[in-house]
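> okay, here's the prediction I keep looking at, along with the sequence it came from:
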Amino acid sequence: MSSIFISFCFIKTVTGSDKYVSGSALYRIKDNEESFREIIYKGFTRSSETLIDDFENNSIVLIIGQYVYDENAEYITLIQATQFHIFQIIYQLHLKTFPIPFP
């Protein structure tokens, strides 16, 4: 039985070719704890309509996929994967984008 998995993940390893991508990632299981779980993911990227963007090791990626738990291991078949470029987001924020507070 599989379920839908949606989480921001830290990519530990990534391997693959122009047809697929696979590897392992970490996600936090609770907000207030420093507990992380490791997942093994795989996605097929051959289609021109794929929702799986290119991503690298040591990056933060929004992962959406089919989740399967089997024999103490967690597996994800990727449906969508989008890398977040934190430094680009911070750079684009500027004081002019924030409203001016009134006294």
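Received, thanks. Numbers count the residues shown, from 1 in each chain.
> roughly how far is the longest strand seen in the chain from the heart of the chain?
Determined from DSSP state E, the single longest strand within the chain is strand 3-16. What separates the centre of strand 3-16 from the centre of its chain is 5 Å, taken as C-alpha atoms, centre = their mean, to the nearest Å.
> ok, residue 59 touching residue 11?
Yes - the criterion here is C-beta atoms under 8 Å, and residue 59 meets it with residue 11 at 5.1 Å. C-betas here are computed from N, CA, C, even on glycine.
> picking up where we left off before, show me what the helix or strand just after the longest strand of the chain packs onto, helices and strands only.
Next along the chain after strand 3-16, taking DSSP states H and E as the criterion, comes strand 20-28. Here strand 20-28 touches strand 3-16, strand 36-44, strand 60-70, going by 3 or more C-beta pairs under 8 Å, 6 or more residues apart in numbering; DSSP states H and E.
> out of residue 59 and residue 11, which sits in the busier spot?
residue 11 (20 against 15; other C-beta atoms under 10 Å).
> can you name the residues bridging to that one?
residue 25 (DSSP bridges).
> kindly report the same for residue 38.
Beta-bridge partners of residue 38, as defined by DSSP bridges: residue 26.
> going forward can the numbers begin at 7, since that is how I track them
Sounds good: first residue 7 from here, last item residue 44.
> give the contact list for it.
18, 30, 31, 32, 80 (C-beta atoms under 8 Å, 6 or more residues apart in numbering).
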